[in-house]
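1. Any chance you could fold what I've pasted below:
(chains A and B)
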There are 2 protein chains.
Amino acid sequence: MNKNDKKKIYKPKQISGFPEWLPEIRRTELLWFDHIRTTFESYGFCPIETPSVEELDAINAKGGDGEADVDKEVYVLERLHKEDGDKEARLALHFDQTVPLARYTAQHFNDLVFPFKRYQMQRVWRGERPQAGRFREFYQCDIDVINVDTLPLHFDAEMPAIIWEILSSLPGMENEKIQIRISNRKILMGLLQACGVSDVQKYTSLIDKLEKIGNEEVEIGLKLNLRLDELHEDFANLFLDLAEIKTAKGLSGLLRDFITRNDVIARSVSDEAIQIMQEGIEELAFVLDQLSHLPEGSVVADLSIVRGLDYYTGTVYETVFTDDPAYGSICSGGRYDDLASNYINKKLPGVGISIGFSRLFDRIRSQGKLPKLGISPADILICLPEDEARGTMMETAQTLRKNGYKVETFHSASKIKRQLAYAEKKGIPYVWFPPFSGNPDHEVKNMLDGTQSKADPQNWKDN
Amino acid sequence: MNKNDKKKIYKPKQISGFPEWLPEIRRTELLWFDHIRTTFESYGFCPIETPSVEELDAINAKGGDGEADVDKEVYVLERLHKEDGDKEARLALHFDQTVPLARYTAQHFNDLVFPFKRYQMQRVWRGERPQAGRFREFYQCDIDVINVDTLPLHFDAEMPAIIWEILSSLPGMENEKIQIRISNRKILMGLLQACGVSDVQKYTSLIDKLEKIGNEEVEIGLKLNLRLDELHEDFANLFLDLAEIKTAKGLSGLLRDFITRNDVIARSVSDEAIQIMQEGIEELAFVLDQLSHLPEGSVVADLSIVRGLDYYTGTVYETVFTDDPAYGSICSGGRYDDLASNYINKKLPGVGISIGFSRLFDRIRSQGKLPKLGISPADILICLPEDEARGTMMETAQTLRKNGYKVETFHSASKIKRQLAYAEKKGIPYVWFPPFSGNPDHEVKNMLDGTQSKADPQNWKDN
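-> Next up, the predicted model:
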């Protein structure tokens, strides 16, 4: 380029839906990740990480009926300079961590030890139209337990216990009131079967929208669809009545009342349907009972919880801010009877839950509730009072690092005032002065309270 | 789906170029990441993370002349179900972390504190044709320091010091002999200018291939190109002669000899070219001098190091296994005078270095040198000797977790032998027996030496 050419500047801007943070926020984000990872591991979950992509065929194999909505959101990859005739499988960025987990479990089946308890904290992508407040790239933090043939119900209770421990102690979340809402799909499934409904997915996705579109709309939708199936109109109210049941205690009694109250069930119910409902009621009661040690209100049964995805077959979870449930679920999941049947000829039941990390983090961040961290992770800035002190500065830094401190050294012998200002701006709590021609001693200044005192790099301790 | 339909199974397989590990290997990978992150932070580098994508225009803005090779490898994203008429900027997965850093620094310029010292550990993507041993998705771990207008040369010396500290202490790398090779592009630039060569990039990429294609090929290439430029044929040997200089000490003397020996330089050299060469020699000598505290052989001047990318303007680094230099550089970087001139009207010099994490990790892994970790991160498995002991098991687990231990609980009261086998397979070092009808005491078994003894969950300590 000719030096006289006027340079063309490409002015960078935020890409809609792809968040990025300043260093001090990224530091807090890492603090959150560390906290979540430590808690997952403290329950014996092992880490895995899958590639960012899956073969599009693998995603579609999982697809089935209910995934049309998700399919729409998939990003596929194209090599910019693909040669003609390159025959490669089409790759797509994963839109969740459940499809990759199913594929991973099937692929590595012989190398895994079951029950396979794994955590996974990765970015996922949803190629939606750009819109305010919706992420197209975001983190999820998942735990799942998978076993062969059967999986004890105790794991259904372990999930909310872990999640509650995490969400109630994330830095900045301590004062948030959150609630984990649990249901069991078998109750609804039994009820639908009792009503003679065969296309279950249509109803569950309708009922799942209850919080979003409101009772009236759901009722109209239900009536419309039920009428098409030539079924009793009263059934619509039945589902809304069921969805009203929200309780921490006495679930079984409430459900007994519900069945007695709605004699329409008794009239049309099959033995099999009754049994499925009964199973769901017992499982849900068991899970709640196992969680009775958690603080009051942290976990409740909520029969309006359905989850849109059709692979859940028992326990289902959602988690909301108690004072702002309309924000939607920040942590969801459930049990599936058969995780990987599209990839392997084995029955692999599992239960899992997923923290919607980015949505949660961004909410706490935008509300100004995150702890304030400095830009620099350094505990100490070592000043350079004069060029001749550089050797001492470097040695002092290494000594302090060996003792476990994070240490930045100042790069030039500029005015001390400027060096102090740098420490202040970067949020470094201690400034260290190595010996120099003006002072034979090491001294350290506490930037918070302004005190300054002699110090020995070998055995100095911060407060 | 009709239950009688034969189920179609999609048999999953590894996608070429997208590595994925079993849990026990992933645990070691996390150990490496933690180690690198801790060391970066101990020098005061702050973390950032950029989106996986950049606008294609932003990548091309950086492009310039020398990026054609890289451009070929870019993966672009397409929404699978994009509607007609959707007008969105084209997005591409980043192929390195330098382009995103440049864009980030320009975009957030007013919110950053300079010198801006950041680390970044993310996946990058190269959409190459699939071929054995080449990753298309891999991790890089980068540090860079960026300042406004000028950046002291001391930072050029800080980079290799940090890298040496990391590479010599990564778990499994302790016995590897590695060498950081440093040069300064000004020396070659001055020499090329002395030879009247204007299209510098053509020559530097040729010389950069020395280790790959050998002296003879490079000589032919050089002669061919130099002849086209109607320059003296002797110059070709000149560059090869320079590239032979590899030394830990006495660099200036060797370069003086080189200039005297090749009187062709004296005949054709301009004052400006001499000065550029001289600057490069002094800078390189300074950086080496600052690193004299490192063990012998860990850092050397190597005048054959050029780096292909054209944005380096001074110090350049490569790092090799001393006993297998043909494996190629595992950690490279250098100084650039002007990082972000395509995005902002400021002069932002910087220096940085990047660990080719995945290539390095995969080498040590495939050579069987990684430390052997268990599948589970748990320190302790608590057995369930009988169903009635479940309450005690859960309480004991919580007590031990509060004391900092990672604890898995066994899910069913199956035979103790089976529970011990589970701990063994998952690599859990301690098995805990809570009190039960057959034994009123807590006991703990050390799986490594087989000893078993009474223990108190409140104050038990592992060895």
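2. so A:Phe433 touches A:Val444, yeah?
-> Yes: here A:Phe433 lies in contact with A:Val444, judged by CB atoms under 8 Å, at a distance of 7.2 Å. (Glycine included, C-beta is placed from N, CA and C.)
3. Between those two, point out the one with more neighbours.
-> Per other CB atoms under 10 Å in any protein chain shown, whichever of A:Phe433 and A:Val444 has more neighbours is A:Phe433, with 24 against 20.
4. now the residue nearest to the spatial centre of chain A: how far from A:Thr392?
-> In chain A, the C-alpha nearest the mean C-alpha coordinate belongs to A:Ile355, at 2.1 Å (CA atoms, centre = their mean). Distance, A:Ile355 to A:Thr392, by CB to CB, to the nearest Å: 48 Å.
5. and if you look at A:Leu31?
-> Counting by CB to CB, the separation of A:Leu31 from A:Thr392 is 33 Å.
6. likewise A:Arg181?
-> A:Arg181 is 61 Å from A:Thr392, by CB to CB.
7. higher neighbour count, those two?
-> Just comparing A:Arg181 and A:Thr392: by other CB under 10 Å the higher neighbour count belongs to A:Arg181, 21 against 17.
8. who touches whichever strand or helix holds the more buried one?
-> When elements are assigned from DSSP states H and E, A:Arg181 belongs to strand A:178-184. For strand A:178-184, contacts defined as CB atoms under 8 Å, 6 or more residues apart in numbering or on different chains pick out A:160, A:163-164, A:167-168, A:246, A:280-281, A:283-284, A:287-288, A:297-306, A:314-322, A:330-331.
9. where in the stretch 201-350 of chain A is pLDDT low?
-> A:201, A:210-212, A:218, A:220, A:222-236, A:264-269, A:308-310 (pLDDT under 70).
10. The stretch 51-200 of chain A now?
-> The stretch 51-200 of chain A contains residues with pLDDT under 70 at A:62-72, A:83-86, A:132-133, A:198-199.
11. Repeat the analysis, applying 90 as the threshold.
-> A:57-73, A:78-90, A:127-134, A:188-200 (pLDDT under 90).
12. The stretch 351-463 of chain A too?
-> For the stretch 351-463 of chain A (pLDDT under 90), the answer is A:463.
13. For it, which segments count as helices?
-> Here the stretch 351-463 of chain A has its helices, by DSSP state H, counting those that start in this stretch, at A:357-366, A:390-402, A:416-426.
14. can you list those in CSV and add distance to chain B?
-> Formatted as CSV, the helices of the stretch 351-463 of chain A follow (distance: least, CB to the nearest CB, whole Å):
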stretch, distance to chain B
helix A:357-366, 12
helix A:390-402, 5
helix A:416-426, 5
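15. Tell me the residue of the stretch 201-350 of chain A that sits nearest chain B?
-> In the stretch 201-350 of chain A, the residue that lies nearest chain B is A:Tyr343 (5.2 Å; CB to the nearest CB).
16. Tell me if I'm right that that residue and B:Lys13 touch.
-> No: if you go by CB under 8 Å, A:Tyr343 and B:Lys13 don't touch, sitting 10.4 Å apart.
17. So for these two, which residues contact both of them?
-> The contact lists of A:Tyr343 and B:Lys13 share A:Gln107, where a contact means CB under 8 Å, 6+ apart.
18. who's more crowded, the two?
-> A direct count of neighbours by other CB under 10 Å for A:Tyr343 and B:Lys13 places A:Tyr343 higher, at 23 against 11.
19. do you know how far the residue lying closest to the residue of the stretch 201-350 of chain A closest to chain B once chain neighbours are set aside is from A:Tyr312?
-> Once flanking residues are discounted, A:Tyr343 sits nearest to A:Ala106: 3.4 Å by CB to CB, 6 or more residues apart in numbering or on different chains. Using CB to CB, we find A:Ala106 at a distance of 19 Å from A:Tyr312.
20. and what of A:Pro429?
-> Distance from A:Pro429 to A:Tyr312, by CB to CB: 48 Å.
21. Mind checking which of the two has more residues around it?
-> With neighbours defined as other CB under 10 Å, A:Pro429 and A:Tyr312 compare such that A:Tyr312 has more, 23 against 17.
22. A:Arg335 is in contact with the more buried one, correct?
-> Yes: under the criterion of CB under 8 Å, A:Tyr312 makes contact with A:Arg335 at 6.4 Å.
23. What residues does the closest residue to chain B within the stretch 101-250 of chain A make contact with?
-> In the stretch 101-250 of chain A, the residue that lies nearest chain B is A:Gly127 (3.8 Å; CB to the nearest CB). Residues in contact with A:Gly127 (CB under 8 Å, 6+ apart) are A:73-75, A:93, A:136, B:77, B:79-80, B:82.
24. Run a quick check on the residue nearest to the centre of chain A versus A:Gly333, I expect a contact.
-> No: A:Ile355 lies out of contact with A:Gly333 (CB under 8 Å); the separation is 9.4 Å.
25. joint contacts of the two?
-> A:Asp142.
26. Send over stretch A:386-400 as CSV, restricted to the C-alpha atoms.
-> Extracted in CSV, the C-alpha atoms of stretch A:386-400 (Å, rounded to 0.1, in the frame of the first residue of the first chain):
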residue,chain,number,x,y,z
GLU,A,386,14.8,3.9,38.9
ASP,A,387,16.3,1.8,36.0
GLU,A,388,19.0,0.4,38.2
ALA,A,389,16.4,-1.3,40.4
ARG,A,390,15.1,-3.5,37.6
GLY,A,391,17.1,-6.5,38.6
THR,A,392,15.8,-6.3,42.2
MET,A,393,12.3,-5.7,40.9
MET,A,394,12.4,-8.9,38.8
GLU,A,395,13.9,-11.0,41.7
THR,A,396,11.3,-9.7,44.1
ALA,A,397,8.5,-10.5,41.7
GLN,A,398,9.7,-14.1,41.3
THR,A,399,10.0,-14.5,45.1
LEU,A,400,6.5,-13.3,45.6
